[in-house]
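1. Sequence first, then the predicted structure:
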Amino acid sequence: MSLTRRQVTSAALAALPLGAAAAAPAHAGARRPRTVYIAGDSTAAQKYSDAAPETGWGMALPFFLRSGLPVANHAVNGRSSKSFVDEGRLDAVLAAIRPGDFLLVQFAHNDEKTTDPTRYTEPWTTYQEYLRRYIDGARAKGARPVLATPVERRRFDAAGDAQPTHGEYPAAMRALAAEEGVALLDVQALSLALWQRLGVEATKTYFNWTATEQDNTHFNPPGAIAVARLVARELVRTRVLAPHDVIRLHDAVPASWITWPAPLS
């Protein structure tokens with residue numbers, strides 16, 4: 001499959017109604033490919049042309065996976081582990097997921113909103129309880145759950161040191177992963193280290209900084225590509241995927257490969 005076709009396919013999968021990607025019929029006699037499902041928030045979500053250049057890392061993940069390993073990106077702006085479940089979005093994913101697939105789960109940004117009872121979870125109680133629903137649901141379907149700690153925001157102190165912003169949520173996820181025997185992609189620690197290496201000014205070129213906006217949470221294409229590369233490397237390190245399942249881990253991926261489809265009507 002050429003790169004151009006792959007980009008179009010990734011965008012088309014993201015634009016399909018929930019579950020449609022996995023429900024598409026396979027060619028007669030062909031083995032159904034394993035699919036990487038993403039459940040998460042705006043940092044991972046598909047963005048459309050009206051939001052460009054904002055880019056979710058889930059949009060870039062297909063560039064690092066071989067062509068027979070499609071991504072079904074169900075991440076949605078503004079969702080927490082709780083609201084994603086309460087809105088029926090996890091049910092929709094579980095209706096589509098099949099044995100051998102992967103469910104990659106990244107939440108915390110909106111779980112932290114203490115003033116919003118529709119989204120807030122407490123790290124060591126309700127956050128873990130909701131994450132267990134994703135773990136149990138995937139396992140019940142014969143799929144493999146994978147937890148990913150939340151990617152870090154861009155925040156530096158006066159000395160120029162990158163600062164963690166997610167409180168106890170990453171630690172709570174790490175503890176749950178160990179308790180449940182679930183693979184953990186420590187995106188929080190890795191992204192924080194990356195922002196530290198890049199520094200105050202260089203990190204601006206990875207986030208959605210424009211002439212009218214200074215967004216220290218969401219990414220532009222280079223930032224989304226960098227985080228997707230971290231995710232792909234972690235998928236191999238944790239043996240969720242085999243080395244032959246990933247590509248371009250050490251190669252440049254041009255920002256021009258990111259495309260934004262028209263908004264859904």
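-> Sure, I can see it. Residues are numbered from 1 along each chain as shown.
2. Distance check, Asn110 against Ser81.
-> Shown here: Asn110 relative to Ser81, a distance of 8 Å by Cβ to Cβ, to the nearest Å. Yep, even glycine has a C-beta here, placed from its N, CA and C like the rest.
3. who's in contact with Arg133?
-> Contacts here follow Cβ atoms under 8 Å, 6 or more residues apart in numbering; on that basis Arg133 touches 85, 90.
4. Could you pull out the buried residues of the strand or helix carrying it?
-> With secondary structure defined by DSSP states H and E, Arg133 is part of helix 128-140. Using 16 or more other Cβ atoms under 10 Å as the test for burial, helix 128-140 gives 128, 130-135, 137-138.
5. wait, which of those is closest to Thr55?
-> Comparing the buried residues of helix 128-140 against Thr55 with Cβ to Cβ places Tyr134 closest, at 24.0 Å.
6. ok, and the closest non-adjacent residue to the closest one?
-> Once flanking residues are discounted, Tyr134 sits nearest to Val105: 4.7 Å by Cβ to Cβ, 6 or more residues apart in numbering.
7. Phi and psi next, for that neighbour.
-> Listed backbone geometry of Val105 is phi -120, psi 120, with angles given as degrees, to the nearest 10.
8. Likewise for the one 4 residues further on?
-> With angles defined as degrees, to the nearest 10, His109 shows backbone torsions of phi -50, psi -40.
9. gap between the residue nearest to it when sequence neighbours are not counted and Ala158?
-> Nearest in space to His109, with sequence neighbours left out and distances taken as Cβ to Cβ, 6+ apart, is Asp41 at 5.1 Å. Between Asp41 and Ala158 the distance, using Cβ to Cβ, works out to 29 Å.
10. Please apply the same query to Ala232.
-> As it turns out, when the distance is counted by Cβ to Cβ, Ala232 lies 34 Å from Ala158.
11. now Asn77
-> Using Cβ to Cβ, Asn77 is found at 31 Å from Ala158.
12. swap in Trp260?
-> Computed with Cβ to Cβ, the distance linking Trp260 and Ala158 is 36 Å.
13. I'd like the distance between the closest residue to Ser49 other than its chain neighbours and Ser191.
-> Excluding its sequence neighbours, the residue lying closest to Ser49 (Cβ to Cβ, 6+ apart) is Trp260, at 4.4 Å. Taking Cβ to Cβ as the criterion, Trp260 is separated from Ser191 by 23 Å.
14. So between those two, which is more surrounded?
-> Ser191 (25 against 18; other Cβ atoms under 10 Å).
15. That one: which element?
-> Assigned by DSSP H and E, Ser191 belongs to helix 187-202.
16. between Asn110 and Ser81, which one's more packed in?
-> Ranked by neighbour count (other Cβ under 10 Å), Asn110 and Ser81 place Ser81 first, with 30 against 22.
17. Settle it for me: which of Asp41 and Ala158 has more neighbours?
-> Neighbours per residue (other Cβ under 10 Å) separate Asp41 from Ala158, with Asp41 holding more: 27 against 5.
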